[in-house]
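Peer 1: sequence plus the predicted model coming up.
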Amino acid sequence: MAPTEHAIARRGLMLVLSSPSGAGKTTLSRRLLQEDRDIDLSISVTTRKPRPGEIDGHDYRFVDDTTFDAMAKDDKLLEWARVFGNRYGTPRAPVMTSLQSGRDVLFDIDWQGTQQLNEKARDDVVSIFVLPPSIAELEHRLKIRAQDDESAIKQRMAKAGDEMSHWAEYDYVIVNDALDRAFSQVRTILSAERLKRQRQPGLSTFVRALTGQL
């Protein structure tokens, strides 16, 4: 039987989506997880309280400050950052397990976390920054999602400029002016990155088997 694409062993990648609050990274992330069976969501730990509808272990792992401190001290976090007074971090072990088994891992994190991932595992990281089409549209999206009060929205808008100033640190930048188009661009990036030679360690074995049949 001829070798098939599925016979080629590959190493997973870390796909990072970042954006200012309201630009659409969470919506894009959820859609990607629904439509792509080969990618897992990195479940962050956080010290903030759950929002309505959030489930511990599914949306986040909600921990207290003592637990978070211990994880950071013991190097059990790939990255962590303080956002709006709360801390968020990425547990190392489940990510490494997924990558080694050939599965990709999706990260919904900010620029601080992305910098730390790049410092620790640059070859495994593919980063995308999502921009809003305008500041007015960004504010509109924050208001209609109805997750924050007016004070929190103003705080997020004030922070948006600083967040967007880090766009040049990312591998790719897309403008989310239409969700379907932005999602298609994310899928295209992911497909291309999966095909990179360095992410397919099984290619050598595949080619040897292939040429051995000549």
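Peer 2: Now that the structure is in, tell me what you want to look at.

Peer 1: could you give the number of residues near residue 41?
Peer 2: With neighbours defined by other Cβ atoms under 10 Å, the count for residue 41 comes to 15. Backbone N, C-alpha and C define where each C-beta goes, glycine included.

Peer 1: measure it to residue 101 for me?
Peer 2: Applying Cβ to Cβ, to the nearest Å, the value for residue 41 to residue 101 is 15 Å.

Peer 1: show the pLDDT at residue 153.
Peer 2: For residue 153, the pLDDT comes out at 81.

Peer 1: for it, which residues are in contact?
Peer 2: Contacts for residue 153 (Cβ atoms under 8 Å, 6 or more residues apart in numbering) come out as 139, 142-143.

Peer 1: what are the buried residues along the worst-scoring helix or strand of the chain on mean pLDDT?
Peer 2: Ranked by mean pLDDT, DSSP states H and E, the helix or strand of the chain with the weakest confidence is helix 135-145, at a mean of 81. Buried residues in helix 135-145, defined by neighbour count with 16 or more other Cβ atoms under 10 Å: 138-139, 141-142.

Peer 1: how about residues contacting that helix?
Peer 2: Outside helix 135-145, the residues that touch it by Cβ under 8 Å, 6+ apart are 20-24, 132, 148, 153, 156-157, 160, 177.

Peer 1: could the residues you listed be laid out in TSV, adding secondary structure and distance to residue 76?
Peer 2: Formatted as TSV, the contacts of helix 135-145 follow (DSSP: H, G, I helix; E, B strand; the rest coil; distance: Cβ to Cβ, whole Å):
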residue	secondary structure	distance to residue 76
20	coil	29
21	coil	27
22	coil	31
23	coil	30
24	coil	30
132	coil	34
148	coil	30
153	helix	34
156	helix	29
157	helix	34
160	helix	31
177	coil	39
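
Peer 1: all the helices of this structure, in order from the start?
Peer 2: For the chain, the helices defined by DSSP state H cover 25-35, 65-73, 92-100, 111-121, 135-145, 150-164, 179-194, 203-211.

Peer 1: can you redo the ones you listed as CSV with distance to residue 85?
Peer 2: Formatted as CSV, the helices of the chain follow (distance: least, Cβ to Cβ, whole Å):
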stretch, distance to residue 85
helix 25-35, 19
helix 65-73, 12
helix 92-100, 24
helix 111-121, 14
helix 135-145, 18
helix 150-164, 10
helix 179-194, 30
helix 203-211, 47
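
Peer 1: most tightly packed of the ones you listed?
Peer 2: helix 111-121 (a mean of 18; mean count of other Cβ atoms under 10 Å).

Peer 1: dump that one to CSV, restricted to CA.
Peer 2: The C-alpha trace of helix 111-121 is given here as CSV (Å, rounded to 0.1, in the frame of the first residue of the first chain):
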residue,chain,number,x,y,z
TRP,A,111,0.7,40.2,23.8
GLN,A,112,2.4,39.6,27.2
GLY,A,113,1.7,35.9,27.1
THR,A,114,2.7,35.7,23.4
GLN,A,115,6.1,37.2,24.2
GLN,A,116,6.7,34.6,26.9
LEU,A,117,5.7,31.8,24.5
ASN,A,118,8.1,33.1,21.9
GLU,A,119,10.9,33.2,24.5
LYS,A,120,10.3,29.6,25.5
ALA,A,121,9.2,27.8,22.4
